[in-house]
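A.B. asks: Okay, here's the prediction I keep looking at, along with the sequence it came from:
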Amino acid sequence: MAANNTLGVDMITMLYAGLLGLWFLALSLRVIKGRSKIGLGDGGDPTMLRLMRGHANFAEYTPLILLLMALLEHQNLGALWLHLLGGALLLGRLLHGYALVFSEHFPPGRYWGTVLTLLCLLAASGASVALALLG
C-alpha cells in the first residue's frame, strides 16, 4: 500500500499511534463490558468509575502527545528521540491503563504510567517550543 505523506507525518509516529489506538480499543471494550450492568455514568459503582477514568485519562493525554510527536517528526527530530518518546508513551499508557482498567490494585502501574506520560508531555512540549524558537 502506497503512503501519501502530504502531512509530513512519517512512519515512527504512525507506528506508535497505531499501537496506542489498539490499546485504546482494549480500554474501550472494558468500559463497554462494564456498561452491560450500568446504563449511563458510573451508577455509583467504584469499579465502573475506575474503568471510565482509565479510559478517559488515556483520551486526555495521548492525543496531544502524539500530535506533538508528529510535529517533531515533521521537523526532522531524530528517529532515536521519536522512538524514545513513543516507547515511553506506549509503556506509560500500558502501565496506567492496566492499573486502572485491568486490575483491582496495581499502584506501581499507575505511578510509573503517570510519570512516564508526564515526562513524555514535558519532553515533547519542550522540544516543540525549542524547535519553534530556534527554527
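C.D. replies: Received, thanks. Keep in mind it's a predicted model, so treat the numbers as computed, not measured.

A.B. asks: which stretches of the chain have low pLDDT?
C.D. replies: 1-9 (pLDDT under 70).

A.B. asks: can you rerun that using 80?
C.D. replies: 1-10, 39, 135 (pLDDT under 80).

A.B. asks: Leaving out sequence neighbours, find the closest residue to the residue nearest the centre of the chain.
C.D. replies: Nearest to the mean C-alpha position of the chain, counting by CA atoms, centre = their mean, stands residue 62 at 3.2 Å. Using CB to CB, 6 or more residues apart in numbering and skipping residues adjacent in sequence, the residue nearest residue 62 is residue 20, 5.7 Å away. Just so you know, the C-beta spots here come from the backbone N, C-alpha and C atoms, and that holds for glycine as well.

A.B. asks: Report the contact partners of that neighbour.
C.D. replies: 62, 66, 89, 90, 93 (CB atoms under 8 Å, 6 or more residues apart in numbering).

A.B. asks: which one of the residues you listed is nearest residue 135?
C.D. replies: Lowest distance from residue 135 to the contacts of residue 20 (CB to CB) belongs to residue 66, with 20.8 Å.

A.B. asks: and the host helix or strand of the closest one, what does it pack onto?
C.D. replies: Using DSSP states H and E, residue 66 sits in helix 46-74. Applying 3 or more CB pairs under 8 Å, 6 or more residues apart in numbering; DSSP states H and E, we find helix 46-74 packed against helix 11-35, helix 79-97, helix 107-134.
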